[in-house]
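Chemist: got a predicted structure here, sequence first:
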Amino acid sequence: MTDEPKPANPAAHGDYERRDIGVAGVLYFLAGLLIAGLMVHFVVHGLFFFLQKQNEAHQTSVSPLVSSAPNDTRRLPPEYTTDAESSDYEKYLNKSFPVPRLETDERTELNKDRLREEQILSTYDYIDQKAGTVRIPIDRAMDLIAQRGLPVRTSETAMEKTTDAKAKGQKR
């Protein structure tokens, strides 16, 4: 064996390119890529426009109960504000859609329910004023239970109830 290094390709002048890449070829490739991208964009846009028009032409009417329904119900007409929390939005829904209207704005409705529940859990109020039944905030109820403790049955009353239940069961 000899210790002489041998080049991998003895006919070549080394292991790297001797000439640079042509700038014109890169620019032609990028221009072609841009033109192809624009063509694809316009073809997809035209196809979407065609399919949307075809879908609108084959749509059934919204409901026979709805009078003067706009073509696109996803957007409010210009005479109403676009804010979903405004009273104009509620007026638009009441005028344009028949009852029963299901969820019109589920996020707002869920927030209203949560606020109502929070108000019930954190305020004092009468449940039945004639009977004198009141509701107290949950934090206050937990404090009262921590101070007084939970009601505990005495062993005598527990024994009496079990013997009464056994006696009733034997009479049957």
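Modeler: That came in fine, so what should we check first? Remember, it's a predicted structure, so these values are computed and weren't measured experimentally.
Chemist: which helix or which strand is home to L27?
Modeler: For L27, the host element (DSSP states H and E) is helix 23-57.
Chemist: just the mean pLDDT for the helix or strand following that helix, thanks.
Modeler: Tracing the chain past helix 23-57, the next element assigned as helix or strand by DSSP H and E is helix 87-96. The average pLDDT for helix 87-96 rounds to 74.
Chemist: packing partners for the helix holding L27?
Modeler: Other helices and strands packing on helix 23-57, by 3 or more CB pairs under 8 Å, 6 or more residues apart in numbering; DSSP states H and E, are absent; none qualifies. (C-beta placed from N, C-alpha, C; glycine too.)
Chemist: any low-confidence regions in the chain?
Modeler: Along the chain, the parts satisfying pLDDT under 70 run over 1-2, 6-18, 61-77, 80-87, 104, 157-159, 165, 167-172.
Chemist: angle of the host helix or strand of E117 against helix 87-96?
Modeler: According to DSSP H and E, E117 maps onto helix 106-121. Interaxial angle, helix 106-121 versus helix 87-96 (axes from the mean of the first three to the mean of the last three CA atoms, to 10 degrees): 110 degrees.
Chemist: which element follows helix 106-121 toward the C-terminus?
Modeler: Past helix 106-121, the next helix or strand by DSSP H and E is strand 125-128.
Chemist: before we move on, the earlier item: quick check: buried residues in the helix holding L27?
Modeler: Neighbour-count burial for helix 23-57, counted by 16 or more other CB atoms under 10 Å, picks out no residue.
Chemist: quick check, distance from it to the centre of its chain.
Modeler: 33 Å (CA atoms, centre = their mean, to the nearest Å).
Chemist: try stretch 22-41
Modeler: With CA atoms, centre = their mean as the basis, stretch 22-41 stands 41 Å off its chain's centre.
Chemist: mind saving the C-alpha coords of whichever strand or helix holds D143 as PDB?
Modeler: With elements taken from DSSP H and E, the one containing D143 is helix 138-148. Extracted C-alpha coordinates of helix 138-148, given in PDB (Å, rounded to 0.1, in the frame of the first residue of the first chain):
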ATOM      1  CA  ILE A 138     -72.000  31.600  47.500                       C
ATOM      2  CA  ASP A 139     -68.900  33.100  49.200                       C
ATOM      3  CA  ARG A 140     -71.000  34.100  52.200                       C
ATOM      4  CA  ALA A 141     -72.600  30.600  52.300                       C
ATOM      5  CA  MET A 142     -69.200  29.000  52.300                       C
ATOM      6  CA  ASP A 143     -68.000  31.300  55.100                       C
ATOM      7  CA  LEU A 144     -71.100  30.300  57.200                       C
ATOM      8  CA  ILE A 145     -70.500  26.600  56.600                       C
ATOM      9  CA  ALA A 146     -66.900  27.000  57.600                       C
ATOM     10  CA  GLN A 147     -67.900  28.800  60.800                       C
ATOM     11  CA  ARG A 148     -70.900  26.600  61.800                       C
END
